[in-house]
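1. A predicted structure for the sequence below; I have some questions about it.
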Amino acid sequence: QVQLVESGGGLVQAGGSLRLSCAASGRTFSSYTMGWFRQAPGKEREFVAAIGWNMRSTYYADSVKGRFTISRDSAKTTGYLQMNSLKPEDTAVYHCAAGRPTTAQAMGAANSYFYWGQGTQVTVSS
């Protein structure tokens, strides 16, 4: 069992930055791929970024490439999403997730992830 708790969301002006954290408990979290997804009001949940269990592979949605950076600490108990140059369209509830996707394509699929956090709200004002 893995429990995930996000933090770090808030209100920021366009062009600003936020750093989200995902604190994990459970002995096996280090063996899972970690992903970030977001869901805006009235929209479907969408993939943002993912990092493999060995931290060698990272994947990003085209909409955030070059602006967001996913990472996890060496102990693999906490994951991060550094978000720079934020835009109003980044406004959403951000969720971290843990799973074992077996392909690069699966890294971006929500159904590849078994455990989810409650989410943290990110609001970007124009």
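-> Perfect, thanks for sending it.
2. tell me who's in contact with the spatially most central residue of the chain.
-> Nearest residue to the geometric centre of the chain (CA atoms, centre = their mean): residue 36, 2.0 Å. The contact partners of residue 36, by CB atoms under 8 Å, 6 or more residues apart in numbering, come to 20, 22, 48-50, 70, 79, 81, 94-97. Every C-beta, even on glycine, is put in place using the N, C-alpha and C of the backbone.
3. and these as TSV, adding pLDDT and secondary structure?
-> Formatted as TSV, those follow (pLDDT from 0 to 100; DSSP: H, G, I helix; E, B strand; the rest coil):
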residue	pLDDT	secondary structure
20	98	strand
22	96	strand
48	98	strand
49	98	strand
50	97	strand
70	97	strand
79	94	strand
81	98	strand
94	98	strand
95	98	strand
96	97	strand
97	97	strand
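4. can you get me a residue count around the closest residue to the residue nearest to the centre of the chain other than its chain neighbours?
-> Spatial nearest neighbour of residue 36, chain neighbours left out: residue 48 (4.3 Å); criterion: CB to CB, 6 or more residues apart in numbering. Look at residue 48: counted by other CB atoms under 10 Å, it has 25 neighbours.
5. ok, residue 48 - contacts?
-> Neighbouring residues of residue 48 by CB under 8 Å, 6+ apart: 35-38, 60-61, 64, 68, 81, 94.
6. that's all I had, so thanks and see you.
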